[in-house]
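> Provide a 3D model corresponding to the input given below.
(3 chains, ligands or ions: 2)
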Amino acid sequence: MTLELVNVGRIYGQEWIIRNMNLKVSNGEFLALLGPSGCGKSTSLRLIAGLENPDEGHILINNTNVTNISPVQRRIGMVFQSYALFPHLDVYENLALGLRIRGTQERTVRDKVGAMISLLQLDGYSSRKPSQLSGGQRQRVALARALLRDPLIYLLDEPMSNLDAQLKEDLRPEFRNIILNDNKPILYVTHDQHEAMSMADKIAVLNNGNIEQIGTPTELYTKPSSLFVAKFIGRPQMNFFKDGSDFIKGVRAEDLELRQQGIPCRLSYKEWLGSNQLLMLESSYGLIRLLAKPDISISENLFIGWETDKQHLFERISGKRISNIF
Amino acid sequence: MDNTQQNKRLDRSMKSILRQNLLFTILVIWAIGPLAWQLYTSFSTADALINPFNDVMNRWTLSNYKLILSSETPFWRYLWNSFVVGIASTLFCILLSIPAAYGISKLKARTSSIIKTVLFGVALFPYVLLFLALLEIARGLNIGNNLLALSIPYTALSMPLSLLLLSAAFKDLPFDLEDAAKLEGLNFFQRLRWVLLPLIGPSTASTAILVFLFSWNEFPISLTWISDPALLTLPVAISRIAGSSVYSVPYGAYAAATVLASIPLLIIVLIFQSQIISGLTKGAVKG
Amino acid sequence: MIFLLLLPASLLIMTFFSYPIIRYGWLSMHASSVITGLEPVYNNGANWYRLISDQRFWIDLFQTTRFACLSVILELILAIFIALILDQRWRGRGLVRALTLLPWALPTTVMALGWRWIFNSPYGPIEQLIQILGYDQINILSDPNFAWIGTVLADVWKTTPFVTLILLAGIQTIPEDLYEAFRLEGGKPLSALMKITIPLLQPYILVCLLFRLAQAFGVFDLIQVLTGGGPSSSTESLAMYAYINAMRFLDFGYSATIMMASFIILIAAYIFSWITLSKIKDLTEA
Ligand SMILES: Nc1ncnc2c1ncn2[C@@H]1O[C@H](COP(=O)(O)OP(=O)(O)OP(=O)(O)O)[C@@H](O)[C@H]1O
Ligand SMILES: [Mg+2]
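Numbers count the residues shown, from 1 in each chain, chains lettered A, B, ... in the order given. Ligands and ions are numbered 1, 2, ... in the order given. Predicted coordinates:
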């Protein structure tokens, strides 16, 4: 089973919110859609689900054009950014509603919902209203509802965004396992690069409605295809050196080295990160971030440099990556 | 030193509580004093009313109630008529408003705000001024003296407020909820039945009560549409009693009528006060 | 789809609000009375000429305006005070609120009948009280100079709760922190009322003002039952005059003219006050 987007575009008013979107996700593949707030992530999911219609292009599910087909027929399992649980129904009824509407026998409903409740460890909560659940529990109910839909495709819109950092980390593997078990295409929206990198097989970086790059987390990290991706992926942020030429050099903080001679810098301040320390340096190129060993002692004035094969080269005007031939 | 200060503070708060209680008492007397007077009157004999401070033989009586309940058209008949019109117009109004309010809430922001402004303007309109044209409609269609027909103008006149309240209620629902229901396979009517209506239940209830109160109390249209004495609604029946003889003193009977007319409302207000209040205030705020 | 959902409701509203106004406009240019056999005959604006020179119309307009303005102002002032009291936490507040709502919920005719008995002379409680105190009877409802005060009193009694509730809702939207911050800066309770409560309450006050003025301008039930417009038409309102013309004199054309005129006056009043209000607003903001 596959999900495919061909040249999909969407206009609000005069403005293209999504433009020329091409994507392909196959069975059991976990694709993260990553981008800053307002770049059109939710809109892309709504287009795929059929809650909105594209103004150009089309959407294929299993090579069938579903662009003009109703949301119901597309069989989408979606977890909304807000979870969208029905506030007046308890957990059990929230999960059973769709099954009943689709004409499932009451006994089967009971079995399926029961099984799902224990799979997601929601036992004991089935007669609670969503408002009486914690954020993590709500998220699991929303996931359970999507799973019970027995969908062709999973669309997950920032399902972790309402959770605190610790809970996010705890839930990630569990979440990934449960949903990957179903072996369907999975599209996972997030603005948290850490989340995307740790969960996804592939990541599509979205900027202003355009896909900047699609690739595995490693590809994005080691070969960012544009300045935007290079800036967006990796923390601390990549350093950029503009020297008046038509090129911009990018070097990651961990690839910079302290040297006897090179670019002169002055230490502005340092952050202790445990396994290493982050130095903030002032130079004629502006602020530079450098990751150093934790035990090194640092003097006020120092010099930095890097190996040329660690350097990324971008065209100044277009921001496009130039393949490294040095 | 510390003690006296505490005492002072205690003293102050006692005073303010006393003052508050006094104000509340005034408020309650203001609100129900006239009603209490009616209650007193309705159980008093004519003699007792004329000489309130003299000793009269029979001070208390039930005869006022007996009189109005056993007159040619017994008084409960009017209560029943008003009840029928009230229920019918409430039902019509809610049934018609819900789809329309849903529609308004789905319109583009600009369009729906224009519609709401217009509705607000219409809701302000002193509808008394409409009675002549409505009378013509009733004559033209020959639907005077029909309680169900009377509920149609009531439905229309309550519609602006009802639309404002319900469309605000739809608008307040979480954005994704209906989409989630769509993906679950619910069609429009199923969404309405299983998701939307249960969630706007409280707003529907307060709207319904306001509509009911409006038709229960409406006077000029009922006055012109209904002439059959057996079909009069309560407000008109009361005004007829009032018009019958101004200078004699069957006030005991009047009072009994007003008491009987007030009881259903007393019950409604006591039970539904929070819905009425939320309906009124939302109507004001959203409008 | 949305259009279909809106259709029945819009048709109903059109029929019962727009049609009458169009009809009045048309009817006001026609004679339609017993003389014409109740058939409308075009009369070239004669109704409007008659209206302009009809003293009773102008007197009624004055009386209606006097009634509307005075009762709405009194209601607002009272309601602000009552709302401030009711806002305080207090046991049994719910019951008090329900009881204050009662006058508003009762049919106007019912309470008007009640007030007629209260004002009754010589047996009503007010007159009895005055007698005990040793004063002369005033017989308010049969004195052409004072009867209208009785109508205002009854209306204020009935509608103050409604205004109170809306203002109360407004007061409750004002966050407590504002008052605390104001106190910290040394503000006194009374100036908090003038500097915080009243300004933030403005939109609510405005809604009440608009709504109540329109309703009071169309006053009908209350006066019809309380005084029947008397004594000697001293409490008659425009709506009543239109009603009498239609139902007693069977002069539909003229009745429609009166209502059309009321309608136009009301709209003009709204436009006028809207402009004045925004002028005042500009001035205070400048
Ligand atoms: N109904 C609408 N009308 C006009 N513009 C809209 C509408 N809905 C969304 N937008 C715009 O479309 C853009 C994309 O919105 P979208 O919700 O897809 O962003 P997102 O990437 O999901 O952001 P977030 O991470 O904050 O959820 C935003 O700039 C938003 O302002
Ligand atoms: Mg989003």
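> list the contacts of the spatially most central residue of chain B.
For chain B, the residue nearest the mean C-alpha position is B:L213 (2.1 Å; Cα atoms, centre = their mean). B:L213 makes contact with B:265, B:268, B:276, C:105 under the criterion Cβ atoms under 8 Å, 6 or more residues apart in numbering or on different chains. Glycine gets a C-beta too; all of them are placed from N, C-alpha and C.
> ok, now A:L227?
If you count contacts by Cβ under 8 Å, 6+ apart, A:L227 has them with A:240, A:248, A:250, A:314, A:319.
> can you put those in JSON lines and add neighbour count and secondary structure?
Formatted as JSON lines, the contacts of A:L227 follow (neighbours: other Cβ atoms under 10 Å in any protein chain shown; DSSP: H, G, I helix; E, B strand; the rest coil):
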{"residue": "A:F240", "neighbour count": "17", "secondary structure": "strand"}
{"residue": "A:I248", "neighbour count": "19", "secondary structure": "strand"}
{"residue": "A:G250", "neighbour count": "21", "secondary structure": "strand"}
{"residue": "A:F314", "neighbour count": "23", "secondary structure": "strand"}
{"residue": "A:G319", "neighbour count": "16", "secondary structure": "coil"}
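> show me where pLDDT drops low in chain A?
Scanning chain A with the threshold set as pLDDT under 70 gives A:324-326.
> before we move on, what about the stretch 101-250 of chain C?
For the stretch 101-250 of chain C, no range has pLDDT under 70.
> the residue of it found nearest chain B - how many residues pack around it?
The stretch 101-250 of chain C approaches chain B most closely through C:G218 (2.5 Å), counting by Cβ to the nearest Cβ. Counted with other Cβ atoms under 10 Å in any protein chain shown, the neighbours of C:G218 add up to 24.
> does it touch B:Y127 like I think?
Yes - in this structure C:G218 lies within contact range of B:Y127 using Cβ atoms under 8 Å: 7.3 Å.
> contacting residues for residue 270?
Reading this off chain A. A:277-280, A:298.
> actually chain C
Contacts for C:Y270 (Cβ under 8 Å, 6+ apart) come out as C:L210.
> one more time with 7 Å, if that's ok
Counting by Cβ atoms under 7 Å, 6 or more residues apart in numbering or on different chains, C:Y270 touches no other residue.
> element containing it, please.
helix C:252-285 (DSSP states H and E).
> which of the residues in that helix are buried?
For helix C:252-285, the neighbour count (16 or more other Cβ atoms under 10 Å in any protein chain shown) marks C:252-263, C:266 as buried.
> return the member of those residues nearest to A:N68.
Relative to A:N68, the closest of these is C:F263; by Cβ to Cβ it sits at 50.3 Å.
> ok, the closest one to B:A168 distance?
According to Cβ to Cβ, to the nearest Å, C:F263 stands 28 Å off from B:A168.
> same deal with C:A192?
31 Å.
> neighbour count winner among these two?
A count of neighbours by other Cβ under 10 Å puts B:A168 above the other of C:A192 and B:A168, at 20 against 15.
> isn't the more buried one up against B:K282?
Yes - here B:A168 reaches B:K282: they are 6.3 Å apart, a contact under Cβ atoms under 7 Å.
> what about the helix or strand hosting B:T90, near chain C?
Here B:T90 sits within helix B:75-106, counting by DSSP H and E. Yes - for helix B:75-106, a contact with chain C is found by Cβ under 7 Å from any Cβ of the partner chain, at B:96-97, B:99-100, B:102-103, B:106.
> make CSV out of the buried residues of helix C:252-285 and add distance to chain B.
Compiled in CSV, the buried residues of helix C:252-285 are given as follows (distance: Cβ to the nearest Cβ, whole Å):
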residue, distance to chain B
C:F252, 7
C:G253, 10
C:Y254, 11
C:S255, 6
C:A256, 6
C:T257, 11
C:I258, 9
C:M259, 5
C:M260, 9
C:A261, 10
C:S262, 6
C:F263, 6
C:L266, 7
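> identify, from those, the entry nearest to A:N207.
Nearest to A:N207, judged by Cβ to Cβ, of those is C:L266 at 56.4 Å.
> dump the residue contacts of the closest one.
Shown in contact with C:L266 (Cβ under 7 Å, 6+ apart): C:214, C:217.
> one more time with 6 Å
By Cβ atoms under 6 Å, 6 or more residues apart in numbering or on different chains, C:L266 lies in contact with C:F217.
> now do A:N210
A:R19.
> that one pairs with what?
Note on A:N210: beta-bridge partners A:N207, judged by DSSP bridges.
> ok, back up a step: for the residue of the stretch 101-250 of chain C closest to chain B, which non-adjacent residue is closest in space?
Excluding its sequence neighbours, the residue lying closest to C:G218 (Cβ to Cβ, 6 or more residues apart in numbering or on different chains) is B:P126, at 2.5 Å.
> relative to ligand 1, how far out is the one you found?
B:P126 sits 39 Å away from ligand 1, going by Cβ to the nearest ligand atom, to the nearest Å.
> what of A:S198?
With distances taken as Cβ to the nearest ligand atom, A:S198 is found 19 Å from ligand 1.
> quick check, the residue of the stretch 101-250 of chain C closest to chain B in contact with C:A239.
Yes - C:G218 is within contact range of C:A239, at 5.3 Å (criterion: Cβ atoms under 6 Å).
> shared neighbours of the two, which are they?
When contacts are counted by Cβ under 6 Å, 6+ apart, the set common to C:G218 and C:A239 consists of B:V128.
> downstream of the host helix or strand of C:A98, the next helix or strand is which one?
Counting by DSSP H and E, the element that carries C:A98 is helix C:93-105. Using DSSP H and E, the helix or strand that follows helix C:93-105 in sequence is helix C:108-118.
> that following helix near chain B at all?
Yes - legend: contact between helix C:108-118 and chain B by Cβ under 6 Å from any Cβ of the partner chain is shown at C:109-110, C:113-114, C:117.
> quick one, helices of the chain?
Assuming you mean chain A. Ranges of helices within chain A are A:41-49, A:71-74, A:91-101, A:106-119, A:135-148, A:165-180, A:193-199, A:217-222, A:227-232, based on DSSP state H.
> meant chain C, my bad for not saying
Along chain C, counting by DSSP H, helices occupy C:2-13, C:19-27, C:46-52, C:55-87, C:93-105, C:108-118, C:125-132, C:147-173, C:176-184, C:189-192, C:198-217, C:221-226, C:238-247, C:252-285.
> A:A32 is nearest to which of those helices?
Each of the helices of chain C was scored for nearness to A:A32 using Cβ to Cβ, and the closest is helix C:2-13 (36.3 Å).
> check which residues of the closest one are buried.
For helix C:2-13, by 16+ other Cβ under 10 Å, it's C:5-6, C:9-10, C:12-13.
> contacts for it?
Helix C:2-13 is contacted from outside by B:96, B:99-100, B:103, B:106, B:156, B:159, using Cβ under 6 Å, 6+ apart.
> now that helix: average pLDDT?
Averaging pLDDT along helix C:2-13 gives 89.
> same question, stretch B:133-149
For stretch B:133-149, the mean pLDDT works out to 88.
> between its first and last residues, how far does it reach?
15 Å (Cα to Cα, to the nearest Å).
> what does that stretch rub up against?
Residues outside stretch B:133-149 that contact it (Cβ under 6 Å, 6+ apart): B:81, B:84-85, B:88, B:153, B:221, B:224-226, B:228, B:231, C:20, C:23.
> is stretch A:29-44 anywhere near chain B?
No - contact of stretch A:29-44 with chain B (Cβ under 6 Å from any Cβ) is absent, the minimum separation being 9.5 Å.
> mind listing what's buried in stretch C:234-253?
For stretch C:234-253, a neighbour-count test (16+ other Cβ under 10 Å) marks C:234-247, C:251-253 as buried.
> okay, helices next: where are they in the stretch 1-150 of chain B?
Ranges of helices in the stretch 1-150 of chain B, per DSSP state H, counting those that start in this stretch, are B:2-42, B:46-50, B:63-69, B:75-106, B:109-124, B:131-141, B:147-172.
> closest to A:L51 out of those helices?
Between A:L51 and the helices of the stretch 1-150 of chain B, the shortest separation by Cβ to Cβ is 13.1 Å, and it involves helix B:75-106.
> and stretch A:57-66, what's buried?
Judged by neighbour count (16+ other Cβ under 10 Å), stretch A:57-66 contains these buried residues: A:57, A:59, A:61, A:66.
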